[in-house]
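What would the 3D arrangement of this be:
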Amino acid sequence: MSKRTALLRRLMEASALPDPASPSSEASPDPIRPLPSGPGRFADLLYEVRDGVARITLNRPLAYNAYTTSTLHELIGALRDATFDDRVGVIVLTGAGDRAFCTGGDVKEYASRYTVRPHDYWKYMALFRGAVEGLLRCGKPTIARLNGITVGGGNELHSACDLSVAASHIYIGQVGVGVGSVACGGATQWLPITVGDRRAREMLLLNERIPAAKALDWGLVSRVAPSVRGPDGLVAEPSAEEIERAVKGRNGWRIDLGPLDDTVAELAQRLLGMFPECLRYTKQQTNFWKELAWHQTVGHAQDWLSLHFVSLEPNEGMRAFAEKRPARVREIRQALAEGGNGEFPFGSPVRNCASCGATGLPADFPYCGRCGHRL
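Residues are numbered from 1 along each chain as shown. Below you'll find the predicted structure:
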């Protein structure tokens, strides 16, 4: 064999694709397979795959399963794992405990970080978009297991799922206009095509709470499972008073999520009995109106919300929520009615200091914030 032939053979061997059956290829990680999801992988989530179902649990019960920036990072990763894992045929999204499915973004984080650095909210919204689109585009049917309060961004994550089962003690709602924000991460886009225009406006403009039975009647959820258990057993249609007793565990009343789990499991098993590629494409086709409304608006929403965080409304609304006090909405409206400013806490940044040369000082400041000179 000539040196030229030997060299060509070595080059061909070096460039050849590895044999999938060879021991050496088994040792190399497959980049398209999900990462191991053992203990320590997630801090804010629980992730489990069993019998063809991936269960993702938002695990911040002390914060009513509100998500932080870190939670969204983890949720994107968990959805990616479930998407790539061929053992998984159905994805279930739920919350820990029995008080809340998810109450949206952590308003305390909003108040402490994103009202201080509004520029970063654009990045945060990119993560939320990633989580929502992960649910929309995972190629597998998703079930929202509504184990408790489902409001704000929690309802938007719920709305991104294909099916949902609500425990009978829960309620669904939006809170954006009450805390200085706008629910344009799925709610403004999808509620009108889910429940109709008037009902959507009732939820979005008035922040009405929709109990489970009404949510089923409106088409917000697919099923309702009894979850209020009294001394005489499960109550099929619990009253508000009975729900309160069960939530607070009074006089032998309690929340029982067993029927919720049974209903979710029954739906999951029915889905697992369907052909997976047909399910994937049916989901893609059925997503048409959701995707159309989403992509026509969400980019604008991401930019507008990040700019809006500079203004007075989110600063006041988020801080009032974090401080557990009523927001000063009337004062803002009064200032506008009197010809004042509703965008800046202390007036427009238009004053200058003749003493130190500072510019852009708030119009309502009597003294310079830099040198203290009277303006």
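
Poorly predicted segments of the stretch 1-150 of the chain, please.
1-28, 35-39 (pLDDT under 70).

Do a quick rundown of the helices in the stretch 251-375 of the chain.
258-272, 276-286, 288-308, 312-322, 329-337 (DSSP state H, counting those that start in this stretch).

With residue 129 as the reference, name the closest of these.
The minimum distance between residue 129 and these falls on helix 288-308, with 6.2 Å, by CB to CB. Backbone N, C-alpha and C define where each C-beta goes, glycine included.

now the closest one against helix 276-286, angle please.
Taking axes from the mean of the first three to the mean of the last three CA atoms, to 10 degrees, one finds helix 288-308 and helix 276-286 inclined to each other by 60 degrees.

Looking at the helices of the stretch 251-375 of the chain, which one is packed in the most?
helix 312-322 (a mean of 20; mean count of other CB atoms under 10 Å).

just the angle between it and helix 329-337, please?
170 degrees.

Relative to the whole chain's centre, how far out is helix 312-322?
20 Å (CA atoms, centre = their mean, to the nearest Å).

Over to stretch 94-108?
Offset of stretch 94-108 from its chain centre (CA atoms, centre = their mean): 9 Å.

ok so, going back, which one of the helices of the stretch 251-375 of the chain lies closest to residue 138?
Taking the helices of the stretch 251-375 of the chain one by one with CB to CB, helix 276-286 is closest: 8.6 Å.

Could I get the CA-only coordinates of the closest one as PDB?
Extracted in PDB, the C-alpha atoms of helix 276-286 (Å, rounded to 0.1, in the frame of the first residue of the first chain):
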ATOM      1  CA  PRO A 276     -48.400  10.200  18.700                       C
ATOM      2  CA  GLU A 277     -47.600  11.700  15.300                       C
ATOM      3  CA  CYS A 278     -51.300  12.300  14.600                       C
ATOM      4  CA  LEU A 279     -51.600  13.900  18.100                       C
ATOM      5  CA  ARG A 280     -48.700  16.200  17.300                       C
ATOM      6  CA  TYR A 281     -50.000  17.400  14.000                       C
ATOM      7  CA  THR A 282     -53.600  17.800  15.400                       C
ATOM      8  CA  LYS A 283     -52.200  20.000  18.100                       C
ATOM      9  CA  GLN A 284     -50.200  22.000  15.600                       C
ATOM     10  CA  GLN A 285     -53.300  22.500  13.400                       C
ATOM     11  CA  THR A 286     -55.600  23.300  16.400                       C
END
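
related to what we said a few turns ago, would you turn the helices of the stretch 251-375 of the chain into CSV with distance to residue 174 and mean pLDDT?
Below are the helices of the stretch 251-375 of the chain laid out as CSV (distance: least, CB to CB, whole Å; pLDDT from 0 to 100):
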stretch, distance to residue 174, mean pLDDT
helix 258-272, 23, 98
helix 276-286, 23, 98
helix 288-308, 14, 96
helix 312-322, 14, 90
helix 329-337, 17, 91
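
nearest to residue 187, of those?
helix 288-308 (10.5 Å).

what sits up against the closest one?
118-119, 121-122, 125-126, 129, 132, 136, 160, 181-182, 184-186, 188-190, 193, 314 (CB atoms under 8 Å, 6 or more residues apart in numbering).
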